[in-house]
Every structure is written in C-alpha cells, then in structure tokens.
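Trainee: My questions are about this predicted structure, shown below with the sequence.
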Amino acid sequence: DLLGAAPYARAYELASAIAVERAECSYLAGDLDEAERLFVEVTAEARTRGEKAAICCLRLKLLQVAGRYDEGVSLGIATLALFDVHLPEGPGAEAEIGAAVDAEVRAVPVHLAGRPIADLAHAPLLTDPDARAVLELLADIAPCAYIGRPAIFPLVALKLLNTSLVHGNAPRSCFAYSVFGFMCIALFDDVEKGHAFSEMSLGLNERFHDASLRGCLLHLHGDHIHFWRHPIATGFPFLEQGFAACLEVGDLVYANYLAFETVWQAFERGDALARVDQLGDRYAAFALQSKNEAVRLTIRLEQQLCRNLMGRTRDADSLSDETFDEAEARRAIEGASFGCGVVFHDIMRMILAFTDGKPAEVLAIAGRAEPVLGAALAMPIEATFHFYRGLAAAVLAGEAAAADRRPRLLALVDDAIRRFDRWRAWCPANFGGR
C-alpha cells in the first residue's frame, strides 16, 4: 500500500520482492489461496524469463503442498519452454517421452566422459544463468512428475543429470545426482552405482553448505536408496534427520513426503502395529497443520491397515471404522492426483485380500496398481507389491481350475522370484526372508 497505485510501474524491483515475500509467508502460514493469488500476480508482472522461472519454482512448491501435482508439471513444462527446453505433453506424449528418455540415457556416458562418480563433486561450478534456471526448474518439476505424472519423471530426472554434467555443479546438482542414484537402482539394477551417486551428492551438499536441500537429499537416500543395501532399521536416522532438516528451512514438501514414507518404513521394519499407529498420529498431525490433505489421508490409511490387522476396523476386508471412511479417503487422494497415495492404498488392499484368503482379488488389485507403480519407484513398498502379487499367483497356479491360466500365473511367480533373487543379493537382511 505504501507504493500506491501501480506499484510495479513505480518501483518494480521492490514491488516484486515484496509480493514474493508475502507469497512465501502465506505459503508457510498455510494460506495457500493467498499465496497462489500473489504468485499469479507477480508472474504476470515479471519482465524476464529468469524472473518467471524463479517465481515458478516457488509456485511449484505451493502446488505440491496443495496436492495439485499434475498442474505443477504443466506449469513447469510451460516455463521450461521459455528457455527452449521442451518436454512432451498432451496426446501422443507417451511415445515422445520414450524416445526422449532413450536419447538422454545415451547422453549420460558421453557427458560423464569417463569421470569416476566421486570426481563429479569436484566438477567446475555452473556459471550460465539460463542453465541454472533450467536446472532449478527441472528439480522442482521432478517431485510433481514423480507423484502426479510418473511417465514423464525419468525424462525430467535424466535431463537434470545431463544439465549438471554439461554445465557444471550448482546446489541443485546434488538433487540431480541423488535422483539419478535411485534411478540406477530402480531402472538399471545397479545398486552400487546408485549408492555411490547418493553418497557423493550428500557430500557435495555439505560442501555447498546448502541447508535448503539437505532434508530432500536425506529423504531420497533414506526412502529410495539406503535400504537396498543395508538393513531397513539402519536407515531411520536418515529419515529423522531429513524431517528435522526440512522443518528447519520450512520445506513442507519433502517434510510431507518423509511423513508418510517414515510410517510405512516402520511397518516394513516390523514394528509393533500399535507403535506404527502411534507414529502415524505424529505425522498425520503435521500433514494436517501443513494442509497437505492427500498426505494426511495416506497416513490415515496406513494407520487403518494397522488397526485392521489388530482387528479394530469394521470388517476384515475394510479399512473403515466409525471415524474413517476408506472410500471417501480414496476419492480425495485421487482428486489430488497423489499417485503415491493411490498406489499405497492399492498395495494395502493387496495385503488385506491375501490375508483374507482371496488371491484372485490380489491379482485384480495388482492389475489396477501396476500402471501407476512408478509412483512408488524404489521404495520398500514396491518390493511388497511384487511379493504379494507373486504369492497370489503361486496360490492360484496350484489350483486345478486355473489350468488355462497357469502359464501366465507362473510367469508372475518367476518374475517375483527373479526380483527377490536380485534384491536378496543386494541386502539379505531385508529380502532374505522373502
């Protein structure tokens, strides 16, 4: 108000800075509507593509907390186009994405140029402002893509990596290296390389003294990488330190990711069900406070699974009780395009169906979940999906009535066995019992 009418015309830099600060304060205070209004306003007034990119990065965080992941991908793609970086979108995008991913994969060894992974931490610094803007945009699009549009996530991640390899290191390069680390595990079956990239990125982050990204990197290491090589229980310090680091810098996005994933890892670790339920209370309260309803409902589903297994839900095949409506929660999660919540719920349903002696239902749910399984890429729950699908297929293959379907069922069993043979070699402590 002190700037009077037409503040951007009178004092553009000051007015823009004030609007961005107000938007960030509104976001941190949970007033997402006001933050969105201010971001739209200041974007319309921005004079350069660099300014538009910086505002877009902030707005993408808002859209993630609001559960508007698909919208975030579209916004990021449109902003990248200002820098002549084009990602496929719309009809026919799937084939274009596949071709683009193949091209980026082929480019990685070319850009690495024989450098050991550890040496990347000592690469020259990125100095090109446009390349830095592209790097930061890709880094903020990545979580939206992972959750809301998984098909495009590998392309975003590979472009992130190649941008750093070509132009040099910046703080966001740490994110590029960590994401590529878990892609090495999830897509290329190379756990050693994946772990090496993640550890290098954590060390590079310390060299940059960049607290803003620390929680995110610990999340990637703890939720997607560490447990493939080490007992799952030993990864909880990464999760706890990551959550604390996110809170320290106001990173509500990755704090919420750590919230629902930490609860699930406690379940996978074999904690007492009542203890997992209690842990869920803590993280569900945080998600409520930060107004991430999709994450809160995902945590509540995790809690309801524990309560079901303790005999405290309405029926053996239901996650509902007097205080929670499973179908309503699913609709809300789908409405938020929260792919992680969708696939987590499907896998919980697989567990319930198998426990209730319904292997055919397990496979039906697995068929529905498989197209969106990318939203759980390289998480412990991905292995759980293949475990229960393989078990259900084995049960059905042994039934006389399944003779005509036996080859397909045995193929699913063989797929699960191959996966767990590989994972058991990586970490017997986590996968030896399966």
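Mentor: That came in fine, so what should we check first?
Trainee: For the stretch of helix or strand Cys174 belongs to, name the packing helices and strands.
Mentor: Secondary structure assignment for Cys174, by DSSP states H and E: helix 173-186. If you count contacts as 3 or more CB pairs under 8 Å, 6 or more residues apart in numbering; DSSP states H and E, helix 173-186 packs onto helix 129-148, helix 153-167, helix 191-208, helix 211-220. For glycine as for every other residue, the C-beta is placed from the backbone atoms N, C-alpha and C.
Trainee: average model confidence for the second one?
Mentor: For helix 153-167, the mean pLDDT works out to 96.
Trainee: Phe208 contacts Cys174, doesn't it?
Mentor: Yes. Applying CB atoms under 8 Å as the test, Phe208 and Cys174 come out as touching, 7.1 Å apart.
Trainee: which of those two has more neighbours?
Mentor: It is Cys174, of Phe208 and Cys174, that has more neighbours when counted by other CB atoms under 10 Å, with 29 against 17.
Trainee: returning to that earlier point: now the helix holding Cys174 against helix 191-208, angle please.
Mentor: 170 degrees (axes from the mean of the first three to the mean of the last three CA atoms, to 10 degrees).
Trainee: mean confidence score for helix 173-186?
Mentor: On average, helix 173-186 scores 95.
Trainee: can you give me the angle it makes with helix 211-220?
Mentor: Using the same axes, to 10 degrees, helix 173-186 lies at 10 degrees relative to helix 211-220.
Trainee: what sits up against helix 173-186?
Mentor: With contacts defined as CB atoms under 8 Å, 6 or more residues apart in numbering, helix 173-186 is touched by 120, 126, 135, 138-139, 142, 154, 157-158, 160-161, 163-164, 190-191, 193-198, 200-202, 204-205, 208, 210, 213, 216-217, 220-221, 224-225, 228, 377-378, 382.
Trainee: Are any of the residues you listed buried, and if so which?
Mentor: Taking 16 or more other CB atoms under 10 Å as the criterion, what is buried in those is 120, 126, 135, 138-139, 142, 154, 157-158, 160-161, 163-164, 191, 193-198, 200-202, 204-205, 208, 210, 213, 216-217, 220-221, 224-225, 228, 377-378, 382.
Trainee: Flag the shaky bits of this structure, pLDDT-wise.
Mentor: 1-6, 8-12, 28, 402 (pLDDT under 70).
Trainee: re the thing from before, of the helices and strands packed on helix 173-186, which approaches Arg419 most closely?
Mentor: helix 191-208 (12.9 Å; CB to CB).
Trainee: Alpha carbons of that closest one, as CSV, please.
Mentor: This file holds the C-alpha atoms of helix 191-208, laid out as CSV (Å, rounded to 0.1, in the frame of the first residue of the first chain):
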residue,chain,number,x,y,z
VAL,A,191,22.7,-50.7,-6.6
GLU,A,192,26.4,-49.9,-6.2
LYS,A,193,26.3,-47.0,-8.7
GLY,A,194,23.1,-45.7,-7.2
HIS,A,195,24.5,-45.7,-3.7
ALA,A,196,27.7,-44.0,-4.9
PHE,A,197,25.8,-41.2,-6.6
SER,A,198,23.7,-40.6,-3.5
GLU,A,199,26.6,-40.6,-1.1
MET,A,200,28.5,-38.2,-3.4
SER,A,201,25.5,-35.9,-3.6
LEU,A,202,25.3,-35.7,0.2
GLY,A,203,28.9,-34.8,0.4
LEU,A,204,28.6,-32.2,-2.3
ASN,A,205,25.6,-30.7,-0.5
GLU,A,206,27.8,-30.2,2.6
ARG,A,207,30.5,-28.5,0.5
PHE,A,208,27.9,-26.1,-0.7
